[in-house]
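Student: With the input below, show me the fold.
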Amino acid sequence: MSARVWKIGLPVGGAVLVALLWWLLAPVYSFFAHNGDLPFSPFGWSRLPDGPAPQVQTVHDPRYQAASDDALARMAVFRETLGAPSLSAAVAIDGELVWEGAVGWADIEAETPISTDRLYRIGSSSKAVTAIALARLVDRGAFDLDQPISEIFDHLPNPDWADITPRQLASHMSGVPHYDGNTELGGLYSMITLRAHIDDVREAVTLFDESELLFEPGSDFDYSSLGTVLLGAAMSEVTGLSYREIIRNEVLRPAGATVTRVAPREAGDPMVGFYYREGDRFRRWRPVDLSHRLPGGGWASTPAELVQIGSLMLDEDFISRDTREAFWTPQHLNSGEVNEQDYALGWRWREWEIEGVGPMRNANHGGVSRGSQCWLMILPDYNMVIAFTINQKTDPFWDFGALYEDIARAFVPVVMGAE
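Tutor: A predicted model of the protein is given here:
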């Protein structure tokens with residue numbers, strides 16, 4: 001090689017190396033920056049548009065017009081108090097969508113008003129979607145919640161998983177770690193960078209199949225989205241169908257949910273823009289691929305479709321009363337004690353008192369994702385389902401989650417008056 005070629009090649013090679021390091025490390029830096037551990041660039045920030053926030057609603061049942069107007073007004077005040085880009089919500093009663101409404105902006109840079117057909121990442125509310133499909137399989141006798149997964153998988157990649165049951169996976173009592181407890185380094189890097197697209201949930205299991213269990217299965221509780229991914233793989237093994245096919249067949253088609261999908265990598269129509277917030281300024285989230293966590297946190301939907309999906313749990317021709325009650329019963333540890341979160345099978349079961357409304361028994365699941373949060377709540381005593389979403393994260397979650405009280409105050413008295 002001539003001296004001239006060497007002199008040219010060295011800086012070119014150096015530039016390639018720098019570019020490669022940037023490609024490898026930039027998403028890692030972004031991960032820690034979004035967690036508040038590292039600073040962001042001073043550039044690339046936006047603020048909410050000036051002026052009144054846009055509002056939109058569709059009232060599908062005129063009997064609930066006043067309740068819908070009340071809910072929309074309450075949601076507008078709630079959004080303004082939070083200072084959030086947008087909120088979107090829906091209510092179903094007796095298995096029918098009665099109201100959907102939204103306030104704010106889908107894209108604050110372009111000042112695009114929000115609409116009720118915009119998709120949000122629903123985070124861990126995906127676990128409830130998985131649980132409905134699982135309940136269908138159990139109801140038909142096609143799936144045994146207490147069969148060790150060593151009898152489900154022809155090849156179990158981690159021998160420590162042998163005695164784990166689907167019941168323990170569905171109730172976070174298996175000992176499989178959450179994302180931050182993954183000790184499989186290649187998989188951990190993939191979960192930080194969020195670049196790889198995975199079509200088969202069984203492939204996603206390879207991202208954490210070398211991780212050590214946190215405890216003996218059934219002996220303790222530790223919330224784990226990776227456990228739900230393993231549950232999705234078990235469902236696929238038993239049925240011979242892909243996890244996505246199971247959800248389409250058992251949940252989306254029966255609910256008439258046509259836009260719910262694997263969360264797209266890119267934000268923008270039909271999805272909202274997703275934002276990281278610092279004070280009164282906002283930064284758009286980088287593109288991310290959440291397909292590796294699909295059963296436990298990778299779906300995108302609208303509140304309108306989520307309440308249709310949730311309504312399936314109230315249809316006793318679709319899921320029997322016995323199976324529904326089993327899925328809403330908090331699960332017991334090996335010691336006989338109920339787990340610390342009263343977690344059932346893919347749902348949390350709660351009994352709350354709402355001032356002005358009274359006691360409310362409910363099955364629910366919240367979700368937190370990249371620049372997004374979700375709440376799905378079923379009120380069996382009123383045959384009602386509530387869902388709402390936001391395109392930023394709040395800390396604590398209940399700064400957002402408390403919106404269910406305002407929506408319940410608007411609709412529950414009307415339902416009670418109609419009885």
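Student: quick one: average confidence on the helix or strand containing Leu24?
Tutor: Leu24 belongs to helix 3-34 when assigned by DSSP states H and E. Mean pLDDT, helix 3-34: 71.
Student: same check, this time on stretch 329-341
Tutor: Mean predicted confidence for stretch 329-341 is 97.
Student: before we move on, back to that, skip ahead from the helix holding Leu24 and say which helix or strand is next.
Tutor: strand 45-46.
Student: Return the set of buried residues in stretch 386-397.
Tutor: Within stretch 386-397, the residues that count as buried by 16 or more other CB atoms under 10 Å are 386-394. C-beta here means a position set from N, CA and C on the backbone, and glycine is covered the same way.
Student: Setting aside sequence neighbours, what's the nearest residue to the residue nearest the centre of the chain?
Tutor: Among the residues of the chain, the one closest to the centroid is Gly123, at 2.0 Å (CA atoms, centre = their mean). Nearest non-adjacent residue to Gly123, counting by CB to CB, 6 or more residues apart in numbering: Gly367, 2.9 Å away.
Student: Likewise for Pro330?
Tutor: Pro330 sits nearest to Asp342 (CB to CB, 6+ apart), 4.1 Å away.
Student: same thing with Ala170?
Tutor: Using CB to CB, 6+ apart, the closest residue to Ala170 is Leu345 (4.4 Å).
Student: Now do the contacts for that neighbour.
Tutor: 131, 134-135, 145, 167, 170-171, 326-329, 331 (CB atoms under 8 Å, 6 or more residues apart in numbering).
Student: Then Asn182?
Tutor: Asn182 neighbours (CB under 8 Å, 6+ apart): 188, 191, 207-208, 211, 226.
Student: Mind checking which of those land in helices?
Tutor: Among the contacts of Asn182, the members falling in helices (DSSP state H) are 188, 191, 226.
Student: Looking at those residues, state which has the most neighbours.
Tutor: Neighbour counts for these peak at Leu226, which has 28 neighbours (criterion: other CB atoms under 10 Å).
Student: How about the contacts made by it?
Tutor: 176-179, 182, 208, 211, 293, 296.
Student: Could you rerun that using 10 Å?
Tutor: 169, 174, 176-179, 181-182, 187, 191, 204-205, 207-209, 211, 292-293, 295-297 (CB atoms under 10 Å, 6 or more residues apart in numbering).
Student: Make sure I have this right: Ala89 is in a helix.
Tutor: No - judged by DSSP: H, G, I helix; E, B strand; the rest coil, Ala89 forms no part of a helix; its state is strand.
Student: does the nearest residue to it once chain neighbours are set aside have beta-bridge partners, and which?
Tutor: Closest residue to Ala89 apart from its sequence neighbours, by CB to CB, 6+ apart: Phe388 at 3.7 Å. Beta-bridge pairing for Phe388 (DSSP bridges): Ala89, Trp375.
Student: and Phe388, what does it touch?
Tutor: By CB under 10 Å, 6+ apart, the contact set of Phe388 is 71, 75, 78, 87-91, 101-102, 120, 303, 306-307, 373-377, 400-401, 403-404, 406-407.
Student: where's Leu345 relative to Ser125, distance?
Tutor: Leu345 is 15 Å from Ser125, where distance means CB to CB, to the nearest Å.
Student: Settle this for me: the residue nearest to the centre of the chain is touching Val368, isn't it.
Tutor: Yes - the criterion here is CB atoms under 10 Å, and Gly123 meets it with Val368 at 4.7 Å.
Student: between these two, what contacts are shared?
Tutor: 297, 374, 393.
Student: okay but Gly232 is in contact with Val205, surely?
Tutor: Yes - using CB under 10 Å, Gly232 is in contact with Val205, at 8.9 Å.
Student: Which one of those two is surrounded by more residues?
Tutor: Gly232 (30 against 22).
Student: a helix runs through that one, doesn't it?
Tutor: Yes - according to three-state DSSP, Gly232 belongs to a helix.
Student: So what's the residue count around the closest residue to it other than its chain neighbours?
Tutor: Leaving aside its chain neighbours, Gly232 sits nearest to Pro295 (3.2 Å; criterion: CB to CB, 6+ apart). As a burial measure, Pro295 scores 33 neighbours (other CB under 10 Å).
Student: and Glu203, how many residues sit next to it?
Tutor: 13.
Student: swap in Arg350?
Tutor: Burial of Arg350 is recorded as 14 neighbouring residues (other CB under 10 Å).
Student: what's the closest non-adjacent residue to it?
Tutor: Here the residue nearest Arg350, using CB to CB, 6+ apart, is Asn362, at 5.5 Å.
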